[in-house]
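Student: my questions are about this predicted structure, shown below with the sequence.
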Amino acid sequence: MSIVPASFNSTLPCLSFLNRIPAMNLYYLPKSQAERKAKPKSTVTILWFFLSIAVSAIALFSFLQPYWYIEGRTQNAIGIYTFCVRAIQDQFLCGKFGKDVKLNGILRTVHWTFGAGSVLMLFTACLTLINLFLRSEGWVSKKFVNISVVFQIIAVILLLIGLALVPAGLESKFFHHFCSKTKQCHMGWTYMMAVTGTALAIFCPILAKYTNAPSFVTESIDD
């Protein structure tokens, strides 16, 4: 299909080269054929991107919150990165674990495993964002998808290990300092949020396997 009228070819021969440019031919195709040629990203790819963003946000938010364990009487809240304890005049003193207050034993393991899984999940979310702007038939997009799948599987494993060790932390000596009795400490809402986010994270590498995600799908168009 010529995009330059024949009358122009005789008067302006320099414009005839436009007919050889595929992108220009696509632009001047009939509407039905142009819609067949150019297609948006697949629904699965977009869903994979938003799910990865949501899961990484939930994981990082849960990691930073102190309400993993809550002491029933004083409402002391102990997390894997921060804590809030009741101080003088019913005021709460909040801070993060570091040089002055250190995590020990199982909680330290939870800190590193769940934290590493959260950061790795955020990294894969960035990869899914970049993948939205790549053409699916290119090898670069396939590499991004494959790398994202591997990293997301590792991230999910780290998150699951961290969550599995959290209940065991109630039996550690660390809690005898913050809880008057171990039985008075229970799991907080942050732990439940982390469990929900990790459950959703399991679907991320599964969705990635079904992403063809074409920006432009090459189809044969009859002249």
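Tutor: Yep, it's here.
Student: from here on, contacts and neighbour counts on C-alpha atoms
Tutor: Noted.
Student: which stretches of this structure aren't confidently modelled?
Tutor: 1-41, 73-74, 88-90, 98-102, 135-138, 172-183, 212-223 (pLDDT under 70).
Student: please enumerate the strands of it.
Tutor: In the chain, the segments counted as strands under DSSP state E are 69-71, 77-78, 82-86, 92-96, 185-187.
Student: so which other helices or strands are in contact with the last one?
Tutor: Under the contact criterion of 3 or more Cα pairs under 8 Å, 6 or more residues apart in numbering; DSSP states H and E, strand 185-187 touches strand 69-71.
Student: okay, now residue 93: neighbour count?
Tutor: For residue 93, the neighbour count with other Cα atoms under 10 Å is 12.
Student: and it, what does it touch?
Tutor: By Cα atoms under 8 Å, 6 or more residues apart in numbering, the contact list for residue 93 reads 84-87.
Student: residues in contact with the nearest residue in space to residue 160 that is not next to it in sequence?
Tutor: Distances taken as Cα to Cα, 6 or more residues apart in numbering put residue 198 closest to residue 160, at 7.1 Å, once the chain neighbours are dropped. Neighbouring residues of residue 198 by Cα under 8 Å, 6+ apart: 55, 59, 156, 159-160.
Student: next one: residue 46
Tutor: For residue 46, the contact set (Cα under 8 Å, 6+ apart) comprises residue 132.
Student: ok, how many other residues are close to residue 57?
Tutor: Residue 57 - counted by other Cα under 10 Å - has 18 other residues nearby.
Student: and it, what does it touch?
Tutor: residue 122.
Student: same question, the one 5 residues further on
Tutor: Taking Cα under 8 Å, 6+ apart as the contact definition, residue 62 lies against 190-191, 193-194.
Student: let's see 7 Å
Tutor: By Cα atoms under 7 Å, 6 or more residues apart in numbering, residue 62 lies in contact with 190, 193-194.
Student: and for residue 150?
Tutor: Residue 150 makes no contacts at all, as judged by Cα under 7 Å, 6+ apart.
Student: burial measure for residue 143, as a count.
Tutor: Using other Cα under 10 Å, residue 143 has 12 other residues around it.
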